[in-house]
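Chemist: dropping a prediction and its sequence here:
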Amino acid sequence: MYLDFYGLKEKPFSLTPDPQFLFLSQSHRTAIEYLIYGIEQREGFIVITGEIGTGKTTLCRALLERLDKKIKTAVIFNSFLSEGKLLESIVKDFGIVSKGITKYDRINALNQFLLETLSKGENAVLIIDEAQNLSIKVLEQIRMLSNLETEKEKMLQVVFLGQLELDEKLRSPQLKQLNQRISIRYRLLPLNQKETENYIYQRLNIAGSNGNLIFSRSAIEEIYRITQGIPRLINLLCDRSLIAGYIQGSFTIDKDLVKRAEKELQGNQPPIAIVKPMRPWRIFSSLKFSWRTLLLFLLTIFIILNLSGISWLNWAKEFSHKSFEQIIFYLSSKSYISKIPFIYDESNKIKREIYPEKPE
């Protein structure tokens, strides 16, 4: 909608994860350092948690790009799996060919794969996104897989990426043994205000902005206040703000446009829509309606004046300096007004003080 207006080649604030728009905050970089250290040092279980929209999936993609090529990876994005299906997915994602389809066959195939990997001086890591959705039974099965180890080293490293409720689930009594095996825990933080500003302008630049599109200082502050630095919410709000700016014809996104976008996202304001120019025949129809209204008003005045015995000339002289409200008050105060089919809105009744001197 607004791409041509702003001179952009693509939408800068799409919710779809795109590697070219990768932005790593200080918290993201710290998390990656912990992950790489834990994997390379064969620490076993690593847990990274964060609020919805803080970039955990983005973090996962960034990690995969930075891992050494000698590290074999299996990534599970669908965490709503049964024990059997999860094991099947792990074996398949590692590229393991199992001789059978039973649980025993697959665990045996996984064990052989891990031993061969270790003998080559390589490593293997299992990454599970949205891990808070894993059932207690599935989590226990993953713990059992970690028993595939030598006397000195863990052959399989496991990374859990999940929302904050994952921490609570891991503290449950049924998962006490798993919880004790977690060697590294880190909570991913939202962006701070400066990072929010850098995030916005980096995405604009990648999308093709030539610098004419500006978010004012107050707009940045408002975006940060509303989103609290959560990237997904920043994307939603900025996209709506650009639509609002496009409708207004503005290359500067200010605080008011951001507030309008916020209200629309909350459902407190009608959706922003392009106001199309009125077609000629609609303008003509509108004018016809206005003329009919004016003629009806003049006809009403004519009838009232005839009934009251006031000539047009005297009326014009008397009321030439009066306001519309004063004229209406005078006419409605006449006793003969009841003889005329005249609708008078009581909710908008004009007080007598508006016209204190009643004409004779």
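Modeler: That came through fine.

Chemist: can you give me the domain boundaries for the protein?
Modeler: The chain resolves into domains spanning 3-11+192-266, 26-188, 290-354 when parsed by automatic domain parsing.

Chemist: any idea of the mean pLDDT for the first one?
Modeler: Regarding domain 3-11+192-266, the rounded mean pLDDT is 94.

Chemist: list the buried ones in stretch 111-124?
Modeler: In terms of neighbour count (16 or more other C-beta atoms under 10 Å), stretch 111-124 has its buried residues at 113-114, 117-118, 123-124. Where C-beta positions appear, they are placed from N, C-alpha and C, glycine not excepted.

Chemist: between those, which sits nearest residue 266?
Modeler: Of all the buried residues of stretch 111-124, residue 124 has the smallest distance to residue 266: 45.8 Å, by C-beta to C-beta.

Chemist: give me the pLDDT value at residue 69.
Modeler: According to the model's per-residue confidence, residue 69 sits at a pLDDT of 88.

Chemist: if I pick the nearest residue to residue 262 once chain neighbours are set aside, what's in contact with it?
Modeler: Counting by C-beta to C-beta, 6 or more residues apart in numbering, residue 262 lies nearest to residue 226, which is 5.5 Å off, once chain neighbours are set aside. Residues near residue 226 by C-beta atoms under 8 Å, 6 or more residues apart in numbering: 233, 237, 258, 262.

Chemist: what helix or strand does residue 226 sit in?
Modeler: Counting by DSSP states H and E, the element that carries residue 226 is helix 217-227.

Chemist: mind listing which of the buried residues of stretch 111-124 are in strands?
Modeler: Assigned to strands by DSSP state E, the following of the buried residues of stretch 111-124 qualify: 123-124.

Chemist: any chance of JSON lines for the buried residues of stretch 111-124, columns pLDDT?
Modeler: Below are those laid out as JSON lines (pLDDT from 0 to 100):
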{"residue": "113", "pLDDT": "94"}
{"residue": "114", "pLDDT": "94"}
{"residue": "117", "pLDDT": "94"}
{"residue": "118", "pLDDT": "93"}
{"residue": "123", "pLDDT": "95"}
{"residue": "124", "pLDDT": "96"}
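
Chemist: quick check: the farthest pair among the buried residues of stretch 111-124?
Modeler: The widest separation within the buried residues of stretch 111-124 (C-beta to C-beta) is 12.1 Å, between 113 and 123.

Chemist: what's the overlap in contacts for these two?
Modeler: Taking C-beta under 8 Å, 6+ apart as the criterion, residue 113 and residue 123 do not both touch any residue.

Chemist: right, and residue 52 touches residue 232 too?
Modeler: Yes. Judged on C-beta atoms under 8 Å, residue 52 makes contact with residue 232 at a distance of 7.1 Å.
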